[in-house]
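Participant: What shape does this take:
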Amino acid sequence: MLKVSDLSIAYTHQEHTLRAVDQLSFELQAGETLGIVGESGSGKSQTLLALLGLLRKNAQIQGEIVFQGKALLQQTEKQWQQIRGKEISMIFQDPMTALNPYLTIGTQLIEVLQHHEQLSYAAAKARTLDMLDQVQIATPKTRLTQYPHECSGGMRQRIMIAMALLCKPTLLLADEPTTALDVTIAAQIIALLKELQRQHQMAIIFVSHNLGVVAQLCQKVHVMYQGKVLEQAKTSELFKHPQHAYTKRLLAALYREDR
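Facilitator: Numbering: from 1, shown residues only. The predicted structure follows:
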């Protein structure tokens, strides 16, 4: 489904070049989940933005990204508008900046379905209410009339997740999707992602600092540091037998009940 080959992303500022991602390569099959872990600034979010065509205009990009036979780095903005939100969707890290503060929750969610699937307002509203219910939003009809600032951080996070899942994308990019959620709600969201993945063979790239969640959801893991992949392995193998010193330090930071 997805093949990334030698992807490099760099930015130049005052004659200094910062390489955010350095020769990243991986493949992802339908129904598979790849976890990307590493400290802040390691290139995780930049990788996701490249896959969605949302890098800054001054980004210097090299390499190749092929998604279902399409060379994504060669797509025009008009072509990207047909891909984003429908074929590839993203759960952004900060819902307060990702959601439009001037539009109600209902307007922002319903227009996704009207744009991509040409549904009537009534049909789009019905599916939106159903999805809000699936992500454990209480009184979804009321939430449709509210603005983002009227919702809590956890509520906004679940609204972002609902928006990303509305069109049942082929590839879901999840950037720290459970950060603002309590443990119970986070577990419900992970269960929902697994079920939708099972139903639709959706592939997921899951970026997180939470190695416990990565262990639950992902079949394989890439460990990134300063734009490079230091280690990649099946999840079970990585947790049992980490090879790189940096990976060992990340795993050593996990809370354990026997300590």
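Participant: going forward, measure contacts between C-alpha atoms and count neighbours the same way
Facilitator: OK.
Participant: what helix or strand does Arg19 sit in?
Facilitator: In this assignment (DSSP states H and E), Arg19 forms part of strand 16-28.
Participant: Show me what that strand is packed against.
Facilitator: strand 2-13, helix 44-51, strand 228-234 (3 or more Cα pairs under 8 Å, 6 or more residues apart in numbering; DSSP states H and E).
Participant: redo that, cut-off 6 Å
Facilitator: strand 2-13 (3 or more Cα pairs under 6 Å, 6 or more residues apart in numbering; DSSP states H and E).
Participant: Any buried residues in the strand it packs on, and which?
Facilitator: Leu2, Lys3, Val4, Ser5, Leu7, Ser8, Ile9, Ala10, Tyr11 (16 or more other Cα atoms under 10 Å).
Participant: follow-up on the earlier one: check which strands are paired with the strand holding Arg19 and give the direction for each one.
Facilitator: strand 2-13 (antiparallel) (DSSP bridges).
Participant: Now do the helices in the stretch 101-250 of the chain.
Facilitator: 105-117, 121-134, 140-144, 153-165, 183-200, 211-217, 235-240, 245-252 (DSSP state H, counting those that start in this stretch).
Participant: what sits against Arg84?
Facilitator: Contacts for Arg84 were tallied using Cα atoms under 6 Å, 6 or more residues apart in numbering; there are none.
Participant: Check Leu173 too.
Facilitator: Met90, Ile204, Ile205.
Participant: what's around the closest residue to it other than its chain neighbours, how many residues?
Facilitator: Spatial nearest neighbour of Leu173, chain neighbours left out: Met90 (4.5 Å); criterion: Cα to Cα, 6 or more residues apart in numbering. The local packing of Met90 (other Cα atoms under 10 Å) involves 26 other residues.
Participant: try Val112
Facilitator: Val112: 20 neighbours (other Cα under 10 Å).
Participant: Would you indicate which residues of stretch 125-144 are buried?
Facilitator: Neighbour-count burial for stretch 125-144 [16+ other Cα under 10 Å]: 125, 127-129, 131-132, 135-137, 140-141, 143-144.
Participant: Out of these, which one has the lowest pLDDT?
Facilitator: Ranked by pLDDT, the buried residues of stretch 125-144 bottom out at Gln136, which has 83.
Participant: Give the full set of residues in contact with that residue.
Facilitator: No contacts exist for Gln136 under Cα under 6 Å, 6+ apart.
Participant: Same question for the one 10 residues further on.
Facilitator: With Cα under 6 Å, 6+ apart as the criterion, the residues that contact Gln146 are Thr104, Ile105.
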